[in-house]
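Student: can't give you the sequence, but here's the structure:
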C-alpha cells in the first residue's frame, strides 16, 4: 500500500526538482551574461580598429581582428608628456605589489599567531586596535602618511609605496590569520612547548604548514588591494614610480583629440590581467580558505 | 632520595579568582598520582602548572629535587599527553614522535633508534608514515603516548587522555597504561574526572574540589576512609550511601538509629568504641548491605527493609530502598530473591562504615 502511493509522489517531486534546477540555471546564466557584458565589450573593442569603432556597433564582434591597440597600449600610448605605454608602470606595480603582499602576509601571520595563541595582557585591545585600522578611510591618513614618508626619506619612492601598503594591509592580514589560528586548539602549542620548541619554531614548523588555505586567501586579497590601489599610488609616487593604475588614468584622461577607445580598453585589460590571473590560479582556495579553518587534529 | 615531584603551598589566581588554594603534594619515584575531581575543580590547571604551561601565583615546585617554579616547560624534563592528543596535523606519525628530539638537536641515528623502539613498544610501526588525520581515535592516542615515551622524562603528565575514546577502547587503553607504568617504573601524574580510572590506575589519589585538595591517599584509603562527605560521594560507583542517623553510646560501642518512613527505625550497633555526636551522617558502601542469607563473617546485623527498585547488573543486583529519607543502594547477589515492593531481610556490615559531621561534612571516626 505504502509502496504504491510512494512511487507517484517521488516522480512528481522529481519533475518539480528538475524544473527548479533548470530555473536556477537560467537565472544564473542570465546573471553571468549580465556581469560578463562589460568584459565582452572591453575585449571586442580592444581588437577593433578606431575606424571600426566609429562606424560599427558597440557589442558586435570585430570584423577584422587587430592587435595594434594592444601594442600601442603596452609600449606607445602617452601618459602625459611621456609616450611609453603602460609597460614601465606595469613593472612599477609588480615591484610594489610583490614585496608588499609578501611582507604584509608574513607579518600578518605572525601577528595572528601571537594574538590567537600567545595570549598576553592586552591582547584583545591590541587586536581591536588592529581591526580598527581596517576601517580607517585612506583619505584620512594621506597627509600624515605623506609627512612620515618625507621624514623617512621614502617620499615618491617604490619602497615608500611598499611601506604604505604593508602598514594598511596589516589590519586585514592580522584579522585573517588570527581568525584562522584561533580555531587551532591551544593544546597544539602546549605540546610543542613541552617538546622544547620556542616561539618561532612553533610558528615555522607547526602553524605555517597548516596555513596554506588562509595564506592563499590573504595573498589574493592583498594582491587585489595593492595592485588596484589608485589613491596611494597617485599620492605618494612621482614620475618614474607611478603604478599601472595611475598610468591607466593618465592614458584615458590625458589624450587630446580623438579618443582611442581601443587603446584605453587594451590598457585597462592589461592593468587587470594580474589580479585575474591570481584569481584563476588560486581561486578555488579562496572560497575554501574563507570557510575552512578548523583543524581536526 | 628526594621526591620526584614536590609541590609546596601552591596558589594560582586568574585576576582576583583563586583557582588553586594551598596545594601540597609530593610523590616518589615510580608513583602513579591521579588528580581526580569534578569539572572545574582545578585539576587540569594544576597539571598545567606542573608542566610549566601556566605560571603559578605563589608557592614552590620541585621536580627530581630541583626547583622548577620558574623554569620553562622544555627544561623541566617532562612529557605530556593531552586530551585532544594535540598531534601536529601536517607531520607524519614518525615526525610527530621525533619532533621533540629534532628540536633538541638529537642526532638522526639516535632519533631513528628511539623511534623504532617506541613504535615497537606501542605497536604502531605500520602507522609511522601516515598523518594524524588518517588515524582512528585509538591510534592517535597511541601516537600521543609514543611522543611522550620517546622522551624518557623524569615525569609523565597525562591530561584526561582517555576521555575522547569510546567506552570499550577506554578500558583497553586504561589497562595498557597501567601495564606501561609497571613496565617502565616511571613516575606519572594523571588527570581524570572518572573515579574508576583513578581507582584502577593510581598508587596515590588526590581528590580535588573547588581548587582545594580534599584528600590525598592510596586508592583503598580514599575508598574505605573518605575524609569528608564530598570524597565519600564522589569516589565509588554506585556511590556510598550517606544516611542521616542518630547515635548514642551503648556499652563498649555505639548504637546507631536510622529513621524510616513507616515509623519503625532500624537500630544497629557498632561495636567500635567511639565518641560521636548525636546527629551524624552514616556512610555505608553498597557492598556492606547484602542478602541476609549470604551473611558473611564480621560484624553483620540484619534488618527487614522494603525494596523500591531492583536493578540487575549482571554480576550483582542493586536494590534501592528508602532509609532515613534517602535512597539507599544495597549490593545483592545476582540470584537474589529481592523483588520491588516486597520486604527483604538484609545484612548490614558496620565494621567499615564511616561517620560524618552533618554540618561540616568532616569524617568523625
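Tutor: Received it, and whenever you're ready, just let me know what you need. Everything quoted here is computed from the prediction, not taken from an experiment. Numbering: from 1, shown residues only, chains lettered A, B, ... in the order given.

Student: so, low pLDDT: which residues of the stretch 251-365 of chain B?
Tutor: Applying pLDDT under 70 to the stretch 251-365 of chain B flags residues B:293-299.

Student: quick one: the strands in it, in order.
Tutor: Secondary structure of the stretch 251-365 of chain B (DSSP state E, counting those that start in this stretch): strands located at B:253-258, B:266-270, B:279-284, B:289-291, B:300-312, B:316-323, B:326-333, B:343-349, B:354-356.

Student: same question, the stretch 51-200 of chain B
Tutor: According to DSSP E, counting those that start in this stretch, the strands that the stretch 51-200 of chain B contains are B:58-63, B:66-67, B:78-81, B:155-159, B:187-192.

Student: closest one to chain A among those?
Tutor: Chain A lies closest, by CB to the nearest CB, to one member of the strands of the stretch 51-200 of chain B: strand B:78-81, at 4.7 Å. From N, CA and C alone the C-beta is placed, and that goes for glycine too.

Student: mind naming the longest helix for the chain?
Tutor: Went with chain A since none was named. Scanning chain A for the longest helix, with DSSP state H as the assignment, gives helix A:2-46.

Student: wait, chain B was what I had in mind.
Tutor: Longest helix in chain B by number of residues, with DSSP H as the criterion: helix B:167-184.

Student: identify the residues contacting that helix?
Tutor: Helix B:167-184 has contacts (CB atoms under 8 Å, 6 or more residues apart in numbering or on different chains) with B:32, B:137-138, B:141, B:145, B:149, B:158, B:161-163, B:165, B:188, B:190, B:197, B:200-201.

Student: interface residues of the stretch 101-250 of chain A facing chain B?
Tutor: Residues of the stretch 101-250 of chain A found near chain B (CB under 8 Å from any CB of the partner chain) are A:185, A:187-188, A:190-198, A:201, A:205-206, A:209-210.

Student: one step back: reformat the strands of the stretch 251-365 of chain B as TSV; add mean neighbour count.
Tutor: Formatted as TSV, the strands of the stretch 251-365 of chain B follow (neighbours: other CB atoms under 10 Å in any protein chain shown):
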stretch	mean neighbour count
strand B:253-258	19
strand B:266-270	19
strand B:279-284	22
strand B:289-291	22
strand B:300-312	16
strand B:316-323	20
strand B:326-333	20
strand B:343-349	19
strand B:354-356	22
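
Student: report the central residue of chain B.
Tutor: residue B:198 (2.6 Å; CA atoms, centre = their mean).

Student: ok, that residue touching residue B:235?
Tutor: Yes. Counting by CB atoms under 8 Å, residue B:235 is a contact partner of residue B:198 at 7.5 Å.

Student: joint contacts of those two?
Tutor: Shared contacts of residue B:198 and residue B:235 (CB under 8 Å, 6+ apart): B:36, B:205.

Student: the longest helix of chain A packs against which elements?
Tutor: Other helices and strands packing on helix A:2-46, by 3 or more CB pairs under 8 Å, 6 or more residues apart in numbering or on different chains; DSSP states H and E, are helix A:68-75, helix A:261-291.

Student: change it to 10 Å
Tutor: Using 3 or more CB pairs under 10 Å, 6 or more residues apart in numbering or on different chains; DSSP states H and E as the contact criterion, the elements in contact with helix A:2-46 are helix A:50-55, helix A:68-75, helix A:261-291.

Student: now the angle between helix A:68-75 and that helix, please.
Tutor: Helix A:2-46 and helix A:68-75 meet at an angle of 80 degrees, taking axes from the mean of the first three to the mean of the last three CA atoms, to 10 degrees as the criterion.

Student: number of nearby residues for the nearest residue to residue B:185 once chain neighbours are set aside?
Tutor: Leaving aside its sequence neighbours, residue B:185 sits nearest to residue B:30 (CB to CB, 6 or more residues apart in numbering or on different chains; 5.0 Å). Here the number of neighbours of residue B:30 (other CB atoms under 10 Å in any protein chain shown) works out to 14.

Student: ok but residue B:30 is inside a helix, no?
Tutor: No. Looking at residue B:30 with DSSP: H, G, I helix; E, B strand; the rest coil, it is coil, so not inside a helix.

Student: tell me how far it lies from residue A:178.
Tutor: To residue A:178, residue B:30 is 45 Å away according to CB to CB, to the nearest Å.

Student: what does residue A:75 give?
Tutor: For residue A:75 relative to residue A:178 (CB to CB), the value is 44 Å.

Student: who has more neighbours out of the two?
Tutor: Ranked by neighbour count (other CB under 10 Å), residue A:75 and residue A:178 place residue A:178 first, with 23 against 13.

Student: specify the angle between the strand or helix carrying the more buried one and helix A:261-291 in degrees.
Tutor: Residue A:178 is located in helix A:158-181, with elements delineated by DSSP states H and E. Here the directions of helix A:158-181 and helix A:261-291 differ by 30 degrees (the same axes, to 10 degrees).

Student: could you chop chain A up by domain?
Tutor: Per the record, chain A has its domains at A:1-40, A:87-291, by automatic domain parsing.

Student: what about the residues of the stretch 101-250 of chain A next to chain B, which are in helices?
Tutor: Per DSSP H, the subset of these in helices is A:187, A:188, A:190, A:191, A:192, A:193, A:194, A:201, A:209, A:210.

Student: what about the last one, neighbour count?
Tutor: The one in question is residue A:210. When neighbours are defined as other CB under 10 Å, residue A:210 has 17 of them.

Student: for it, list the residues it contacts.
Tutor: Shown in contact with residue A:210 (CB atoms under 10 Å, 6 or more residues apart in numbering or on different chains): A:180, A:181, A:184, A:188, A:295, B:88, B:89, B:90.

Student: mind picking the two most distant members of those?
Tutor: Across these, no pair lies farther apart than A:180 and B:88, at 16.4 Å, counting by CB to CB.

Student: between those two, which one's more packed in?
Tutor: Remark: of residue A:180 and residue B:88, residue A:180 carries more neighbours, 27 against 24, as counted by other CB under 10 Å.

Student: skip the chain neighbours and tell me the closest residue to the more buried one.
Tutor: In this structure, residue A:180 finds its nearest non-sequential neighbour in residue A:214, 4.2 Å apart by CB to CB, 6+ apart.

Student: against chain B, how distant is the one you found?
Tutor: Counting by CB to the nearest CB, to the nearest Å, the gap from residue A:214 to chain B is 14 Å.

Student: now the host helix or strand of that residue: buried residues?
Tutor: Per DSSP H and E: residue A:214 is located in helix A:212-228. The neighbour-count check on helix A:212-228 (16 or more other CB atoms under 10 Å in any protein chain shown) flags A:213-228 as buried.

Student: what of stretch B:29-41?
Tutor: Residues of stretch B:29-41 classed as buried: B:31, B:32, B:33, B:34, B:35, B:36, B:37, B:41 (neighbour count, 16+ other CB under 10 Å).
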